[in-house]
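Novice: A predicted structure for the sequence below; I have some questions about it.
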Amino acid sequence: MVRDELTWVTKTDMTRFVRCPYSFWLLDSGQITFEETLDEFQVDLLAAGCQFQDLVESSLLAVEMSLPEMLAMLDAGATLFGTPNFDNQALRIRGRPDGIVGGDGALIPIEVKSHRDVQPIDELELAFYWLLLEPFRNDPDALPEGRLVLRRDGAPVTVSVRITPDRLSRVAQLLDSVRVARRRGVEPRICRCRVCSTLRRDEVMASVIRRKDPTMLYGVAGVYSELLRRFRFTTWESLLGCDVNALAARFAAVGYPGVTPSVIERWRLHARSFAEQAPVFAKPAVGLGVSDRYIAVDLEYDQWIWLVGACVVDGDEREYHFLWADSPTEERVNLERLFALISEHGGMPVVTWSGTSADIPALRKAADRHNLAAELTPLLHAHRDLFRWAENNLRVPVPGLGLKEVERYFGVARVSDVGDGLQAVLLYQEYLASRDPEIRERLVHYNRDDVDSLILVLGELQALGRAAGLRAPSSPPARQRTSKRALNEPGNSLGEQVRDELVVVPLGAVRGPERLYRMHYLRYRLKSLGKTPDGLLPSRKAAHDQAMATVWQQFPDFVPTWEIE
């Protein structure tokens, strides 16, 4: 018989489970402490979040009254903060939102967050509180919604968030999962949280390797791994003989059309790598297109780019450059030096690992700050992202495709005592306060480790490509582009048609996955209107469906808060 206290679930229980089921179970069962789950960076974020919440709540009306008095004020439309705990006996959930908007009996939950934009976990928390307040709500027909108080430019900004049926359903599933975890325990999976990646890393790795856990496969995590288990694919080995079309159809049937047959083929490619304990190439695969002459680049940044590491590689020769910045002014000087280095070695590829999603956006922002966008262009044209190439062409028998995972497989040894980028950022903040030259030297060594690792891994990948007889990709044909100005010029029927479809989108909603959705909708809609003849899409709905499928590959739980009608 399950103890009564194990059936009650709080919002904190749910969010901890979402972030990592294994660390939730260890903490919930008393095997680790809360302090052990946090790294230095998370401690700082937690402190900043508490300070922001204190700032917001200090200027608002806190509740010091009985429950009937409080509900009467909410029915009258008041907004209250600091309310007492609520229990929903039917759902066995309890908790206390940061605030409640009376809304004539609707009881709209409020959460205070120290980040800038709405995140999926925020929507789940609001959905939890909407369900929590259900027994006290006098307006049963109220549409589910919540409020987020976000920090933008240091000031609180209130944002309304629609709570979709998908979010409410997901909360219900999570509540059941939390209770099952308490009864049965949780097997570890590949995870980047501090508990799984540091505190219990050896234990986690031993377990997932022994069980051949599907989360060892690149791209399988979170809800995908849960669904694979539901479909009875409990090991990566079980995917080797699966029917990719049938499995993709099962994912689509439960609301995940982004898991296409080609996505599952990539999972199977990684599974084959584990089965053969060797690197394997996709079919077809292309070569890197990088010779023994190139420039390896790695950046360290926070508010500005404070360290540029670059190495000009010419056969066996190495020419290192480490450009340090203590201020935005010095950042500009370093950008100019980096761009001059690229120009001096015109024609050499500029190589990064995951630079498309990390280094390049940082460079774009920095170039915009200093009006150097034109000087950045040659670097962008020369850029080669080894991570993107590996993602499309290669799998090695290690979980993940991060540089550290891949270098570990190839036996690349690191020298620096700095563990990762978060630790590097914290050390840089410490350096700014103390100007300690030893900290600066440690950070330069850390950056050099990244640059050297990039060079050594590239050499291994080049050798694999030569052995497999891969050929470098041919230059893609120039694509016709439609400028934003042309799309919006009066009298341009194509621009007017697409603009009119998108005008219903509220400006504040176009962020994160919403922005990605809008971008892909525009792309596919242009195709449907005949601007790009190949791959025509016949309708507005088809463009919407294609955009959703594309966004779901990166944000599996995404539900738009607006629709293009």
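Specialist: Here it is on my side, so go on.

Novice: switch to C-alpha atoms for all contacts and neighbour counts from now on
Specialist: OK.

Novice: same for the helix ranked longest in the chain, what does it pack against?
Specialist: Secondary structure of the chain per DSSP state H: the longest helix is helix 437-468. With contacts taken as 3 or more C-alpha pairs under 8 Å, 6 or more residues apart in numbering; DSSP states H and E, helix 437-468 sits against strand 293-301, strand 305-314, helix 403-409, helix 421-434.

Novice: May I see the buried residues of that helix?
Specialist: By neighbour count with 16 or more other C-alpha atoms under 10 Å, helix 437-468 contains the buried residues 439-440, 442-458, 461-462, 464-465.

Novice: Figure out how far it is from the centre of its chain.
Specialist: Put simply, helix 437-468 sits 24 Å off its chain's centre (C-alpha atoms, centre = their mean, to the nearest Å).

Novice: Give the rounded mean pLDDT of that helix.
Specialist: Averaged over helix 437-468, pLDDT sits at 95.

Novice: ditto for stretch 405-415
Specialist: Mean predicted lDDT for stretch 405-415 stands at 90.

Novice: any idea how far it is from the chain center?
Specialist: Centre-to-centre, stretch 405-415 and its host chain are 24 Å apart (C-alpha atoms, centre = their mean).

Novice: Could you export it as PDB, CA atoms only?
Specialist: Output in PDB follows, covering the C-alpha atoms of stretch 405-415 (Å, rounded to 0.1, in the frame of the first residue of the first chain):
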ATOM      1  CA  GLU A 405      32.500  13.300 -26.000                       C
ATOM      2  CA  VAL A 406      34.000  13.000 -29.400                       C
ATOM      3  CA  GLU A 407      37.500  13.900 -28.300                       C
ATOM      4  CA  ARG A 408      37.300  11.400 -25.500                       C
ATOM      5  CA  TYR A 409      36.600   8.600 -28.100                       C
ATOM      6  CA  PHE A 410      39.600   9.600 -30.100                       C
ATOM      7  CA  GLY A 411      41.800   9.700 -26.900                       C
ATOM      8  CA  VAL A 412      42.500  13.500 -26.900                       C
ATOM      9  CA  ALA A 413      43.800  14.500 -23.500                       C
ATOM     10  CA  ARG A 414      43.100  17.900 -21.900                       C
ATOM     11  CA  VAL A 415      45.500  19.800 -19.600                       C
END
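
Novice: which residues touch that stretch?
Specialist: Stretch 405-415 is contacted from outside by 396, 397, 398, 399, 400, 445, 446, 449, 453, 456, 457, 460, using C-alpha atoms under 8 Å, 6 or more residues apart in numbering.

Novice: do the same with stretch 235-251
Specialist: Here stretch 235-251 has contacts from 211-217, 227, 233, 257, 259-262, 264-265, 267-268, 271-272, 275, using C-alpha under 8 Å, 6+ apart.

Novice: buried stuff in that stretch?
Specialist: For stretch 235-251, the buried set under the neighbour-count rule, 16+ other C-alpha under 10 Å, comprises 235, 236, 237, 239, 240, 244, 247, 248, 249, 250, 251.

Novice: ok, now stretch 137-155?
Specialist: 137, 144, 145, 146, 147, 148, 149, 150, 151.

Novice: if we take the contacts of stretch 405-415, which one ends up nearest to residue 321?
Specialist: residue 445 (12.2 Å; C-alpha to C-alpha).

Novice: any idea how far that closest one lies from residue 425?
Specialist: 14 Å (C-alpha to C-alpha, to the nearest Å).

Novice: Also residue 346?
Specialist: Taking C-alpha to C-alpha, one finds residue 346 at 32 Å from residue 425.

Novice: neighbour count winner among those two?
Specialist: residue 425 (18 against 13; other C-alpha atoms under 10 Å).

Novice: Next, count neighbours for the residue nearest to that one when sequence neighbours are not counted.
Specialist: In this structure, residue 425 finds its nearest non-sequential neighbour in residue 302, 6.7 Å apart by C-alpha to C-alpha, 6 or more residues apart in numbering. Neighbours of residue 302 under the rule other C-alpha under 10 Å: 13.

Novice: Please tell me how far residue 302 sits from residue 473.
Specialist: Using C-alpha to C-alpha, residue 302 is found at 35 Å from residue 473.

Novice: you'd agree residue 114 is up against residue 151?
Specialist: Yes - contact criterion C-alpha atoms under 8 Å: residue 114 and residue 151 qualify, at 5.1 Å.

Novice: Tell me the strands beside the helix or strand hosting residue 146, with direction?
Specialist: Per DSSP states H and E: residue 146 is located in strand 145-152. With DSSP bridges as the test, strand 145-152 is paired with strand 108-112 (parallel), strand 155-162 (antiparallel).

Novice: so what are the domain limits for the chain?
Specialist: Per automatic domain parsing, the structural domains of the chain span 4-171, 189-281, 293-468, 484-554.

Novice: Going by residue numbers, what spans are helices in the stretch 101-250 of the chain?
Specialist: 120-132, 165-184, 194, 201-211, 222-230, 244-253 (DSSP state H, counting those that start in this stretch).

Novice: what is the mean pLDDT for the first one?
Specialist: To tie it back to what came earlier, the one meant is helix 120-132. 94.

Novice: do the fifth one as well
Specialist: Per-region confidence: helix 222-230 scores 88 on mean pLDDT.

Novice: Kindly report the same for the second one.
Specialist: The pLDDT scores in helix 165-184 average 93.

Novice: in it, what's buried?
Specialist: Buried residues in helix 165-184 (16+ other C-alpha under 10 Å): 167, 168, 171, 174, 175, 177, 178, 179, 181, 182.

Novice: how near is the closest residue to the fourth one other than its chain neighbours to residue 394?
Specialist: Think residue 174. Of all residues not flanking residue 174 in the chain, residue 14 sits nearest, at 6.6 Å (C-alpha to C-alpha, 6+ apart). Distance from residue 14 to residue 394, counting by C-alpha to C-alpha: 36 Å.

Novice: Repeat that for residue 292.
Specialist: Counting by C-alpha to C-alpha, the gap from residue 292 to residue 394 is 20 Å.

Novice: quick one: contacts for residue 205?
Specialist: Per C-alpha under 8 Å, 6+ apart, neighbours of residue 205: residue 190.

Novice: where does this structure dip in pLDDT?
Specialist: Applying pLDDT under 70 to the chain flags residues 1-5, 38-65, 474-515, 526-538, 553-554, 556-557, 560-565.

Novice: neighbours around the closest residue to residue 284 other than its chain neighbours, how many?
Specialist: Counting by C-alpha to C-alpha, 6+ apart, residue 284 lies nearest to residue 393, which is 7.8 Å off, once chain neighbours are set aside. Residue 393: 19 surrounding residues under other C-alpha under 10 Å.

Novice: what about residue 393, distance to residue 205?
Specialist: Distance, residue 393 to residue 205, by C-alpha to C-alpha: 25 Å.

Novice: hang on, the residue nearest to residue 284 packs against residue 270?
Specialist: No - using C-alpha under 8 Å, residue 393 is not in contact with residue 270; the gap is 10.7 Å.
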